[in-house]
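# For reference, the sequence and a predicted model appear below.
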Amino acid sequence: MNAQRTLRRPISCTGVGLHSGHKVNLTLKPAPANFGIRFRRTDLGNLEVPATVHHLLAIQLATGLARNEVSVETVEHLLAALVSIGIDNVIVELNSPEVPIMDGSASPFVYLIQEAGVRRLSAPRKYLKVLSPIAITRDDKSIALHPSDHFKVTYSISYDHPLLRHQLRTLRITRETFVEEVAPARTFTFLKDVETNRQRGLALGGSLENAVVLGDTGVLNSALRFEDEFVRHKILDAVGDLALVGYPVIGHLVAHRAGHALHTEFAAKVLEQTQAWRLIEGPVNGDASLAVPMADDAVPPLVN
């Protein structure tokens, strides 16, 4: 049986909110089977909001969730790490309305999961298996899911910038490929947009330590971790946003210049198109990455 998983023990970290600039304490805690991923605001009497498309908040450069008087923002990097490592059930405690940005990638969250350990539960995991294409197109942006025997992502980006014209990458997303090839990719921005965003009250916690900043003549801070780090980060964002469907997906996600708003609109459409998919329990078509779970605590090493 391909079982659901949670963490073996609680683990915490401290960071800064990308948009708020405030210090944030985050704790990941084990949760029972069929609990899902839920964000808990300890500064609001432990009110919770589940990580599903039914609780989407307005998108402003990051993905947010809200239910009644509780909200949480910038959830996509943490969600991508959780679902790609195979964590189905977890409580995410925060004392602020934003997940800390850490270094702008998902690698710090992979490290936390690795340190906490992974515990297998008794309930089976369910997958959303794509049976027929689902697609959205908005002007020059598009995103679609196609049938496949495993989860993979093809993403392309295009910018009117001399250093970032066009990048495309296809990756099959497994625990190993996520940790090694996707998680280290950092969020990025253009120097010309920094002041505009801050005047809008956004990216107040952004710095050269938690984002790749592109000027007119090159990257302003450290060297890139990958030659195509920009499109890899878009894959990271897409994996985190698609996690809001509530199930691991078996299908081929194809996106062009999509971004958070289209990612999350698409996640909602996927759940509406019930004729285009079905829920199944692993193993799936002999696919070893789905049929054979990793041993407890066997999380791949962090690679930068």
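Ah, there it is.

# Roughly how far does residue 43 sit from residue 133?
Counting by C-beta to C-beta, to the nearest Å, the gap from residue 43 to residue 133 is 43 Å. Placement of C-beta: from N, CA and C, glycine included.

# same deal with residue 36?
27 Å.

# do residue 103 as well
36 Å.

# So for these two, which residue has more residues nearby?
Higher neighbour count among residue 103 and residue 133: residue 103, with 17 against 14, using other C-beta atoms under 10 Å.

# What are the boundaries of the helices in the stretch 51-200 of the chain?
With helices called from DSSP state H, counting those that start in this stretch, the stretch 51-200 of the chain shows them at 76-85, 107-116, 175-177, 191-199.

# mind checking which of these is nearest residue 275?
Taking C-beta to C-beta, helix 76-85 is the member of the helices of the stretch 51-200 of the chain nearest to residue 275, at 24.2 Å.

# Show me what the closest one is packed against.
helix 107-116, helix 229-242 (3 or more C-beta pairs under 8 Å, 6 or more residues apart in numbering; DSSP states H and E).

# tilt between that helix and helix 107-116?
50 degrees (axes from the mean of the first three to the mean of the last three C-alpha atoms, to 10 degrees).

# what comes up buried for helix 76-85?
For helix 76-85, a neighbour-count test (16 or more other C-beta atoms under 10 Å) marks 76, 77, 78, 79, 80, 81, 82, 83, 84, 85 as buried.

# And the lowest mean pLDDT element among the helices and strands of the chain?
Sorting the helices and strands of the chain by mean pLDDT, DSSP states H and E puts helix 288-291 at the bottom, at a mean of 37.

# Tell me where the stretch 1-150 of the chain is predicted with low confidence.
For the stretch 1-150 of the chain, the stretches with pLDDT under 70 are 1, 60.

# 90 instead?
The model of the stretch 1-150 of the chain has pLDDT under 90 over residues 1, 17-22, 57-62, 69.

# just so I have it, where are all the strands in the stretch 101-250 of the chain?
118-124, 126-130, 134-138, 141-146, 152-158, 166-172, 188-190, 212-214, 249-250 (DSSP state E, counting those that start in this stretch).

# what helices or strands is the next helix or strand after the shortest one leaning on?
Helices and strands here follow DSSP states H and E; after strand 249-250, the next one along the chain is strand 252-256. For strand 252-256, the helices and strands in contact under the criterion 3+ C-beta pairs under 8 Å, 6+ apart are strand 141-146, strand 152-158, helix 229-242.

# deepest of these, which one?
Ranked by mean neighbour count under mean count of other C-beta atoms under 10 Å, those are led by helix 229-242, which reaches a mean of 26.

# That one packs against which elements?
Applying 3+ C-beta pairs under 8 Å, 6+ apart, we find helix 229-242 packed against helix 76-85, strand 152-158, strand 166-172, strand 188-190, strand 252-256, helix 259-272.

# Using CSV, write out every CA atom in it.
What follows is helix 229-242, C-alpha atoms only, in CSV (Å, rounded to 0.1, in the frame of the first residue of the first chain):
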residue,chain,number,x,y,z
GLU,A,229,17.4,28.9,-12.4
PHE,A,230,14.6,31.2,-13.4
VAL,A,231,12.4,28.6,-15.2
ARG,A,232,13.2,26.1,-12.5
HIS,A,233,11.8,28.4,-9.9
LYS,A,234,8.6,28.7,-12.0
ILE,A,235,8.4,25.0,-11.9
LEU,A,236,8.7,25.2,-8.1
ASP,A,237,5.9,27.7,-7.9
ALA,A,238,3.7,25.6,-10.2
VAL,A,239,4.2,22.5,-8.1
GLY,A,240,3.3,24.4,-4.9
ASP,A,241,0.2,26.1,-6.4
LEU,A,242,-1.1,22.8,-7.9
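
# got the contact list for residue 59?
Counting by C-beta atoms under 8 Å, 6 or more residues apart in numbering, residue 59 touches 260, 261, 264.

# quick one: residue 27 from residue 110, how far?
Counting by C-beta to C-beta, the gap from residue 27 to residue 110 is 16 Å.

# out of these two, which sits in the more crowded spot?
Neighbour totals were compared for residue 27 and residue 110, and residue 110 leads with 27 against 16 (other C-beta under 10 Å).

# That one against residue 183, yeah?
Yes - judged on C-beta atoms under 8 Å, residue 110 makes contact with residue 183 at a distance of 5.1 Å.

# if we can go back for a sec, can you list the helices and strands packed on helix 76-85 in CSV and add distance to residue 17?
Output for these, formatted as CSV (distance: least, C-beta to C-beta, whole Å):
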stretch, distance to residue 17
helix 107-116, 14
helix 229-242, 16
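
# Contact partners for residue 126?
Residues in contact with residue 126 (C-beta under 8 Å, 6+ apart) are 247, 279, 280, 281.
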